[in-house]
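Engineer: With the input below, show me the fold.
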Amino acid sequence: MSKTRIEQDSMGSMEVPFDALYGASTQRALLNFPISGYRFSRPFIRALGLIKWAAAEANLELDKLNERDATLIAHAAREVIDGKLDDHFPLDVFQTGSGTSTNMNANEVISNRCCQLAGTPIASKDPVHPNDHVNMGQSSNDVIPSAIHIAVGESIRHQLMPALESLDAALERKSMEFWDVIKIGRTHLMDATPVRLGQEFSGYAKQVELARLRAGNAIAAIEELALGGTAVGTGLNCHPDFSGLVMHHLWNCTGITFREARNHFEAQSAQDGLVQASGQIKTIAVSLFKIANDIRWLSSGPRCGIGEISLPATQPGSSIMPGKVNPVMSEMLMQVCAQVIGNDAAITWGGANGNFQLNTMMPMMAHNLLESIRLLSNAVDTFRSRCVEGITANRERCNELVEQSMAMVTSLVPTIGYDRAAEIAKESAATGRTIRQICVEQNILPEAELAKALDPVEMTKPGGSGVVGG
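Structural biologist: Below is the predicted model:
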């Protein structure tokens, strides 16, 4: 049987694993919430460490902590920041809706680590008390929403935005590589007038460029932090200069312009900023779903489908059909996007549950938003490196489909009229002959004029061979 020690909190005595740095409050929550097995992620634990470190520095500057205690807290908090104490953060995401259990987890871990550093017994709370010193000037009600904002901002800045930037560049390269490839356009899943494959990929690149802007908007939505509001937004037991000093340290450490909330009652009673950030992330997922879905359809076949592009073969596609290769990277990204869209729905409901002076759905919102950012970042990087960068154009197939398309007749409309062009299209559909063949047989236009009118390259230019109405 594992050894235990006795810790005390305001509710009395509690047995805690002997080697654990957390204390009685964390152990109670560990027993109370054996729900999912999901723990708070590394970015969130790092954010908690950042807050406790910045708070110690601020309280030292305000003469609220002596130099010895502030130095101990800062040292222990930096170990939390660096991930050295992650094993001592065991709590389930689904817990008290304010995240009080996890804030106390951080307070207890840092307090007990300070005891180790000072050479005093763990659980002695000497020289550093978890509430009086580590949590000085703070409340779970302003720490947890601030930690979420910090973790989200850093994750977007350092994970998602670089992944999107690399995908944008890869799609731009493909757009230039495929610029001279003419293919058939499609609207309503039906043949439309020709486009360049490079134009199609330029649309994907633009979607990702806009996704990068939306990621920046998501960061802007969470730059205000609740720290300084303490329990209900009034700032009780918090020095009036505390929050400003903390923000200075956080800005310098993260490079993100975190600042004190202009209205602490809004910042703690509502989580609209998180909902807005999640909405931006969801929109990015919608864009990526469209791109991945198009790419798998364009590669379908390879002989009995569209087959205009080929994707890198990454693994066998069937346990029964030899030689089959599937668009697995597109399928992976689409599943991730579906998960992100679902996460946003949960975050939306969580944001709606702000009651009076506090939102009590914050741990769930934190988990889902950080998971969305993590999944998208990893999926985008993998999709780029194992799919997009290896896409090739099937030029002959593209040319074949353009020539067979009935939509080619569109460029004749300004010359022969819509009704006559429609008759030619119907005849093409009934006989299987191409638009070009019918026009030659019926002497619709002189040979040179017909060749110019049915030039698919010209149809890809504004004001080209024909005038397309929609």
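
Engineer: in what helix or strand does residue 377 lie?
Structural biologist: helix 362-386 (DSSP states H and E).

Engineer: ok, whichever helix or strand comes after that helix: who's next to it in the sheet?
Structural biologist: Once helix 362-386 ends, the next helix or strand along the chain (criterion: DSSP H and E) is strand 392-393. For strand 392-393, the paired strands and their directions (DSSP bridges) read strand 309-310 (antiparallel).

Engineer: contact partners of the next helix or strand after the strand it pairs with?
Structural biologist: Sequence-wise, the next helix or strand downstream of strand 309-310 (DSSP H and E) is helix 328-352. With CB atoms under 8 Å, 6 or more residues apart in numbering as the test, helix 328-352 has contacts from 270-272, 274-275, 278-279, 281-282, 284-286, 288-289, 292-293, 295-296, 311, 314-315, 317, 359, 361-362, 364-365, 368-369, 371-372, 375-376, 379-380, 382-383, 386-387. Just so you know, the C-beta spots here come from the backbone N, C-alpha and C atoms, and that holds for glycine as well.

Engineer: Parallel or antiparallel, which strands does the next helix or strand after helix 328-352 pair with?
Structural biologist: The element immediately downstream of helix 328-352 (helix or strand, assigned by DSSP H and E) is strand 354-355. Neighbouring strands of strand 354-355 in its sheet, by DSSP bridges, are strand 358-359 (antiparallel).

Engineer: So what touches the strand it pairs with?
Structural biologist: Contacts for strand 358-359 (CB under 8 Å, 6+ apart): 97-98, 141, 145, 232, 268-271, 350-351, 353, 365.

Engineer: Dump those into TSV; add distance to residue 18, pLDDT and neighbour count as well.
Structural biologist: Below are the contacts of strand 358-359 laid out as TSV (distance: CB to CB, whole Å; pLDDT from 0 to 100; neighbours: other CB atoms under 10 Å):
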residue	distance to residue 18	pLDDT	neighbour count
97	31	97	18
98	29	97	21
141	32	98	27
145	34	98	30
232	38	98	17
268	37	97	27
269	41	97	20
270	42	97	18
271	38	97	29
350	37	98	25
351	41	98	21
353	39	92	16
365	35	98	27
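
Engineer: now, which of those residues sits nearest residue 249?
Structural biologist: Nearest to residue 249 among the contacts of strand 358-359, counting by CB to CB, is residue 145 at 18.0 Å.

Engineer: Now the residue nearest to that closest one when sequence neighbours are not counted: phi and psi?
Structural biologist: Spatial nearest neighbour of residue 145, chain neighbours left out: residue 226 (4.5 Å); criterion: CB to CB, 6 or more residues apart in numbering. The phi and psi values for residue 226, taken as degrees, to the nearest 10, are phi -80, psi -10.

Engineer: If you count neighbours, what's buried in whichever strand or helix holds residue 296?
Structural biologist: Using DSSP H and E, the element containing residue 296 is helix 272-298. Of all the residues in helix 272-298, those buried under the rule 16 or more other CB atoms under 10 Å are 273-285, 287-289, 291-298.

Engineer: Who are the packing partners of it?
Structural biologist: The contact analysis (3 or more CB pairs under 8 Å, 6 or more residues apart in numbering; DSSP states H and E) places helix 272-298 against helix 140-155, helix 197-221, helix 328-352, helix 362-386.

Engineer: most neighbours per residue, which of these?
Structural biologist: Ranked by mean neighbour count, the helices and strands packed on helix 272-298 are led by helix 140-155 with a mean of 28 (mean count of other CB atoms under 10 Å).

Engineer: Remind me what that one packs against, helices and strands.
Structural biologist: Looks like helix 140-155 contacts helix 42-61, helix 100-118, helix 197-221, strand 224-225, helix 242-254, helix 264-269, helix 272-298, helix 362-386 (3+ CB pairs under 8 Å, 6+ apart).

Engineer: Only alpha carbons, please: show it as PDB.
Structural biologist: Extracted in PDB, the C-alpha atoms of helix 140-155 (Å, rounded to 0.1, in the frame of the first residue of the first chain):
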ATOM      1  CA  SER A 140     -10.100  31.400  -8.500                       C
ATOM      2  CA  ASN A 141     -12.800  33.500 -10.100                       C
ATOM      3  CA  ASP A 142     -10.200  35.800 -11.800                       C
ATOM      4  CA  VAL A 143      -7.300  33.400 -12.000                       C
ATOM      5  CA  ILE A 144      -9.000  30.700 -14.000                       C
ATOM      6  CA  PRO A 145     -10.500  32.900 -16.800                       C
ATOM      7  CA  SER A 146      -7.200  34.700 -17.100                       C
ATOM      8  CA  ALA A 147      -5.300  31.400 -17.400                       C
ATOM      9  CA  ILE A 148      -7.700  30.300 -20.100                       C
ATOM     10  CA  HIS A 149      -7.100  33.500 -22.000                       C
ATOM     11  CA  ILE A 150      -3.300  33.200 -21.700                       C
ATOM     12  CA  ALA A 151      -3.300  29.600 -22.700                       C
ATOM     13  CA  VAL A 152      -5.500  30.300 -25.700                       C
ATOM     14  CA  GLY A 153      -3.500  33.300 -26.800                       C
ATOM     15  CA  GLU A 154      -0.200  31.500 -26.600                       C
ATOM     16  CA  SER A 155      -1.500  28.300 -28.300                       C
END
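
Engineer: what helices or strands is the next helix or strand along the chain from it leaning on?
Structural biologist: Note on helix 140-155: by DSSP H and E, the next helix or strand toward the C-terminus is helix 161-177. When contacts are defined as 3+ CB pairs under 8 Å, 6+ apart, helix 161-177 sits against helix 197-221, helix 362-386.

Engineer: Residue 210 and residue 283, how far apart?
Structural biologist: Distance, residue 210 to residue 283, by CB to CB, to the nearest Å: 9 Å.

Engineer: got it, and residue 17?
Structural biologist: Relative to residue 283, and taking CB to CB, residue 17 is found at 44 Å.

Engineer: One more: residue 161?
Structural biologist: 15 Å.

Engineer: do residue 226 as well
Structural biologist: 25 Å.

Engineer: Residue 316 too?
Structural biologist: 35 Å.

Engineer: check contacts around residue 118.
Structural biologist: 72, 126-128.

Engineer: if we go to 7 Å?
Structural biologist: Neighbouring residues of residue 118 by CB atoms under 7 Å, 6 or more residues apart in numbering: 72, 127.

Engineer: Mind pulling up the pLDDT for it?
Structural biologist: Residue 118 carries a pLDDT value of 98.

Engineer: Residue 2 now?
Structural biologist: For residue 2, the predicted pLDDT is 73.

Engineer: State the number of residues packed around the closest residue in space to it that isn't next to it in sequence.
Structural biologist: Nearest residue to residue 2, sequence neighbours excluded (CB to CB, 6+ apart): residue 17, at 6.1 Å. Residue 17 has 15 neighbouring residues, counting by other CB atoms under 10 Å.

Engineer: Perfect, that will be all.
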